[in-house]
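[1] Let me see the structure of the following:
(one chain, ligands or ions: 1)
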Amino acid sequence: MADNYILEMENVDKIYGSGDSEVKALNHVSFSVHKGEFIAIIGESGSGKSTLLNIVGMLDRPTNGKIVIDGIEQREMTLDQQAVFRRENIGFIFQSFNLIQELTVEENIIFPISLGHNKPDRKKIDSIINKLGLEKRKQHFPSQLSGGQQQRVAIGRALATEPKLILADEPTGNLDSKNSQEVIKILWEISKEYGRTVLLITHNHDIAKVADRILYVKDGCVSERR
Ligand SMILES: Nc1ncnc2c1ncn2[C@@H]1O[C@H](COP(=O)(O)OP(=O)(O)OP(=O)(O)O)[C@@H](O)[C@H]1O
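    A predicted model of the protein is given here:
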């Protein structure tokens, strides 16, 4: 397998439930992503987009198929190894921000580093905070921020551990168009300036257009049109 891929999926299935309640959420999904690519994932509600991202991020397990992430086959890792890999290499961004309300902006951003029992590199954290335009909001709490600002904090948190892969599940779903554009611009710049790979779910075709590639999900199948 080529080593400039960050992600390779081969015939991946995900089946939820069994018998009458069986749902084939992913159906023989195969695709690869190069390091540093910015990929948009588009598809109707219920088509399997979140399932796909959750499986790539090891929040859920596939029923069948092979997934190689940064050269390591997922199923060869124990659950503990997956947890460490996830913490060190994958940054998640969700539609609902998922910030910790009791922590300040700065503390939210540093949080994943402290989970790994590492000391935050102040310079790097400050440069992330500056990049996100949150210098004056460092000591604020999430409830004191706008939706766009909260999502920028969530991006900061996803970046704090310098992950190779950023998985964003509809990060602009709760934002107006101005804030959406700003968030996408930041993700794009991060991808291109720091060589991070971004997989982004969106319902917005204009947003998808900025991506290097668009993956279309329909009834659990993934296809690509350039
Ligand atoms: N834990 C689960 N148990 C059973 N079925 C599930 C589970 N999670 C998802 N599904 C089903 O799998 C299919 C794909 O769901 P998924 O959440 O991946 O879709 P999606 O494309 O992300 O949708 P949306 O755009 O609405 O978020 C759906 O039919 C959904 O009902």
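[2] Which residue ranges of this structure form strands?
    For the chain, applying DSSP state E gives strands covering 5-16, 23-34, 38-43, 64-69, 72-73, 90-94, 165-169, 197-201, 213-218, 221-225.
[3] Let me see the ranges of the helices in the protein.
    49-56, 79-89, 105-115, 122-131, 147-159, 177-194, 205-209 (DSSP state H).
[4] Need the contact partners of the shortest one.
    Where contact means CB atoms under 8 Å, 6 or more residues apart in numbering, the residues beyond helix 205-209 that reach it are 40, 42, 172, 180, 184, 200, 202, 214. Using the backbone N, CA and C atoms, a C-beta is placed for each residue, glycine as well.
[5] Double-check residue 197 against residue 191; I have them as touching.
    Yes - with contact defined as CB atoms under 8 Å, residue 197 reaches residue 191; the gap is 7.0 Å.
[6] what sits in contact with each of those two?
    Counting by CB under 8 Å, 6+ apart, the residues touching both residue 197 and residue 191 are 36, 37, 38, 166.
[7] so who does the last one touch?
    Neighbouring residues of residue 166 by CB under 8 Å, 6+ apart: 90-93, 158-159, 187, 190-191, 196-199.
[8] quick one: low-confidence parts of this protein?
    Residues of the chain meeting the criterion pLDDT under 70: 1-3, 226.
[9] re the thing from before, who wins for most neighbours among the shared contacts of residue 197 and residue 191?
    Neighbour counts for the shared contacts of residue 197 and residue 191 peak at residue 166, which has 24 neighbours (criterion: other CB atoms under 10 Å).
[10] beta partners of the residue nearest the centre of the chain?
    Among the residues of the chain, the one closest to the centroid is residue 167, at 1.0 Å (CA atoms, centre = their mean). Under the criterion DSSP bridges, residue 167 forms beta bridges with residue 92, residue 199.
[11] for the ligand, what are the nearby residues on this structure?
    Counting by CB under 6 Å from any ligand atom, the chain comes close to the ligand at 16, 17, 23, 25, 43, 45, 46, 47, 48, 49, 50, 51.
[12] Now the phi/psi pair for the second one, please.
    Translated: residue 17. phi 70, psi -170 (degrees, to the nearest 10).
[13] residues near it, how many?
    Neighbourhood size, residue 17 [other CB under 10 Å]: 10.
[14] Could you do the fifth one as well?
    Counted with other CB under 10 Å, residues neighbouring residue 43 total 21.
[15] my read: it touches residue 220, true?
    No - the pair residue 43 and residue 220 fails to qualify as a contact (CB under 8 Å) at a distance of 9.4 Å.
[16] do you know how far the closest residue to residue 61 other than its chain neighbours is from residue 110?
    Closest residue to residue 61 apart from its sequence neighbours, by CB to CB, 6 or more residues apart in numbering: residue 55 at 7.1 Å. Remark: distance between residue 55 and residue 110 (CB to CB, to the nearest Å) = 28 Å.
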